[in-house]
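Peer 1: dropping the sequence and predicted coords here.
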Amino acid sequence: MYETWRWFGPKDQVDLQDIVQSGASGIVTALHHIPPGEVWTADEIGHRKSLIRTSGMALHSPLNWSVVESLPVSENIKRQSEDWRSHVENYKTSLVNLSEAGIDIVCYNFMPILDWTRTDLAYQLPNQATCMRFDLVDFIMFDVFLLKRPGAQEDFDEPLVEKARARFSACDGAYKKRLTNNVISGLPGGADTMTMDQISDHLNLYADIDEDQLVRNQTDFLEIIAPHAEKLGLRLCCHPDDPPIRLLGLPRIMSTEADYQRLISTVDIPANGITFCTGSLGTRADNDLPTMMRRLGDRVHFIHLRNVVREHKQTFGSFHESEHLSGDVDMAAVVSAIVDEETRRKSLGRSDHSIPFRPDHGQDILDDLNRKSQPGYPAIGRLKGLAELRGLIAGLEYKAA
C-alpha cells in the first residue's frame with residue numbers, strides 16, 4: 001500500500017514540510033483555484049507539480065504528485081444543462097494535460113451541489129480532542145426550520161422532526177448560525193458567501209432530476225470520459241456520497257455496493273474505477289466494507305482510510321469521526337482485504353498492485369487545536385492515524401508474506 005497525504009495547496013495550514021515529516025511521499029492535491037468546467041492547463045499542472053517536486057528536493061524527500069483529488073465534475077455536467085458538452089470537452093483536455101504530466105489517478109465525485117455535509121466541524125470529545133460530526137436531528141432542524149425547504153418535513157420520520165422542532169425552539173441564535181455555517185461549508189461558495197436564497201436557487205436547479213436521471217447523466221459522462229482516460233493510461237475513481245444518503249431532496253447515486261456494481265458494469269473498462277472511502281461508506285450500517293473491498297477490489301484505484309462511530313441502530317443516523325482503528329468500521333478486516341487484493345494483483349503482474357491510500361480526516365489533537373487547519377485535515381491527528389494504519393498494514397503484509 002502506497003502512503004499518500006492530502007494537501008490543499010500553498011494556503012494549506014499543513015505544509016509540505018509537515019508531510020515530509022509524516023513519512024508519506026505521495027501528494028494528493030488539486031487546482032482548487034480553477035472553477036469546475038474550466039481546463040486545467042499544462043502550465044498550471046506543471047507549476048503545481050514542480051512546486052511539490054522542488055519542495056521535496058529541498059527537504060531531501062521524494063515528494064510526488066500521485067493522485068488528483070479532485071478534478072471536479074461541474075454541476076452543468078451533472079444536470080446536463082447549459083454548456084455541459086463544452087465542460088466535458090474541457091474535462092477531456094484536462095485529462096490529456098494530467099497524463100502528459102505523468103499523473104495517472106484522478107478522483108472525482110458525482111454528488112449534486114454538496115461535496116460533504118457535517119453539522120459540527122469541531123465536536124468536542126471527552127478527552128478534549130475535536131472531530132467532525134453529523135447530527136441527524138440538527139440537520140433536520142437546518143433543513144426544515146432554517147432553510148425551510150418545501151417538502152423537507154416529509155423526508156424524515158415524524159419523531160425526528162419533532163425532536164428537531166423542540167431543539168429549534170430551545171437553542172439560541174448563535175447555535176443556529178453556527179449550524180448553518182457548518183452545513184453550507186460543503187456547498188459551493190462556502191459559509192462566507194452563500195445565503196439561504198442562493199442555496200434554494202441551487203436546489204431548485206435539481207427539482208426535476210431524480211436518482212434515475214442522475215444515473216443516466218453519470219453514464220453519459222463516463223461513456224465519453226472513461227474510454228478517453230483508458231487511452232491515456234489514466235485511472236478514474238469515483239468517490240462515494242458523503243454521507244451516503246439523500247439530503248436536501250437531492251438524488252444520491254454512489255452510496256452502496258449496488259451503486260458501485262452498477263457504475264463499473266455500465267462502463268466496463270479498467271479506467272472506470274472506485275475511490276474506496278471507508279468513512280463515507282461506513283456511516284451506513286448496511287455497507288459490509290470488507291466484503292465490498294473483496295468484491296469490488298479489482299477496480300479500486302484509490303483508498304481513503306478513516307473510521308466513524310455510528311450513533312444509531314438504524315441503517316443511517318448520526319455519526320462522528322473516530323480514531324482510525326477504534327470506530328465501527330472493522331479496519332483490520334478492511335485492510336486485510338486490501339492486502340489480499342494487492343497480493344492478487346502482484347501475482348498477475350499488474351503495475352498497479354500497490355494501491356495508493358491516505359489517512360483520511362483525523363481528530364484535532366494537541367497543537368492541531370491551535371493551528372485551525374482545513375476541517376477534518378489536522379496535521380497531528382492524521383499523523384496519528386497514519387502511524388496506526390502503518391503498523392496494521394505492516395503486520396498484515398508480514399503475515400501474508
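Peer 2: In hand now; what should we look at? Residues are numbered from 1 along each chain as shown.
Peer 1: residues in contact with stretch 218-230?
Peer 2: 73, 77-78, 80, 88, 91-92, 95, 106, 110, 235-236, 253, 263, 266-267, 269-272 (C-beta atoms under 8 Å, 6 or more residues apart in numbering). No exception for glycine: its C-beta is placed from N, CA and C like everyone else's.
Peer 1: buried set for that stretch?
Peer 2: Using 16 or more other C-beta atoms under 10 Å as the test for burial, stretch 218-230 gives Gln218, Phe221, Leu222, Ile224, Ile225, Ala226, His228, Ala229, Glu230.
Peer 1: ditto for stretch 357-377
Peer 2: 357-365, 368-369, 373, 375-377.
Peer 1: equivalent analysis for stretch 46-57, please.
Peer 2: Arg48, Lys49, Leu51, Ile52, Ser55, Gly56.
Peer 1: tabulate these in CSV, adding columns for distance to Leu281.
Peer 2: CSV is the format used below for the buried residues of stretch 46-57 (distance: C-beta to C-beta, whole Å):
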residue, distance to Leu281
Arg48, 29
Lys49, 31
Leu51, 33
Ile52, 29
Ser55, 33
Gly56, 32
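Peer 1: among those residues, which ones are in helices?
Peer 2: Arg48, Lys49, Leu51, Ile52, Ser55, Gly56 (DSSP state H).
Peer 1: show me where the stretch 251-400 of the chain has its strands.
Peer 2: Here the stretch 251-400 of the chain has its strands, by DSSP state E, counting those that start in this stretch, at 272-277, 300-305, 307-310, 319-322, 356-359.
Peer 1: output the contacting helices and strands for the last one.
Peer 2: Spelled out, it's strand 356-359. Strand 356-359 sits against strand 2-6, strand 26-29, strand 300-305, helix 379-400, with contacts defined as 3 or more C-beta pairs under 8 Å, 6 or more residues apart in numbering; DSSP states H and E.
Peer 1: let's see it at 10 Å
Peer 2: Applying 3 or more C-beta pairs under 10 Å, 6 or more residues apart in numbering; DSSP states H and E, we find strand 356-359 packed against strand 2-6, strand 26-29, strand 64-69, strand 300-305, helix 379-400.
Peer 1: domain map for the chain?
Peer 2: As given by automatic domain parsing, the domain ranges for the chain are 2-112+209-400, 120-204.
Peer 1: if you average pLDDT over each of these, which comes out lowest?
Peer 2: Between the domains of the chain, the one with the least mean pLDDT is domain 120-204; it has a mean of 92.
Peer 1: how long is that domain end to end?
Peer 2: Distance across domain 120-204, first residue to last, is 26 Å (C-alpha to C-alpha, to the nearest Å).
Peer 1: hang on, the earlier thing: tell me which of the contacts of stretch 218-230 fall in helices.
Peer 2: Ile77, Lys78, Val88, Tyr91, Lys92, Leu95, Leu263, Thr266.
Peer 1: quick check, Asp242 in a strand?
Peer 2: No: using DSSP: H, G, I helix; E, B strand; the rest coil, the assignment for Asp242 is coil, not a strand.
Peer 1: for it, give its distance to Arg118.
Peer 2: As judged by C-beta to C-beta, to the nearest Å, Asp242 and Arg118 stand 9 Å apart.
Peer 1: swap in Leu31?
Peer 2: From Leu31 to Arg118 the distance is 24 Å (C-beta to C-beta).
Peer 1: between these two, tell me which one has more neighbours.
Peer 2: Arg118 (25 against 17; other C-beta atoms under 10 Å).
Peer 1: surely Val14 meets Ala24?
Peer 2: No: assessed by C-beta atoms under 10 Å, Val14 is found out of contact with Ala24, at 11.4 Å.
Peer 1: ranking the domains of the chain by burial, who's on top?
Peer 2: Among these, the stretch with the highest mean neighbour count (mean count of other C-beta atoms under 10 Å) is domain 2-112+209-400, at a mean of 19.
Peer 1: any idea which helix or strand carries Tyr175?
Peer 2: Here Tyr175, judged by DSSP states H and E, is contained in helix 173-184.
Peer 1: wait, Lys313 touches Asp328, no?
Peer 2: No: counting by C-beta under 10 Å, Asp328 is not a contact partner of Lys313; they are 11.2 Å apart.
Peer 1: overlap in contacts, those two.
Peer 2: Common neighbours of Lys313 and Asp328 (criterion: C-beta atoms under 10 Å, 6 or more residues apart in numbering): Ala285.
Peer 1: thanks again, I'm all set now.
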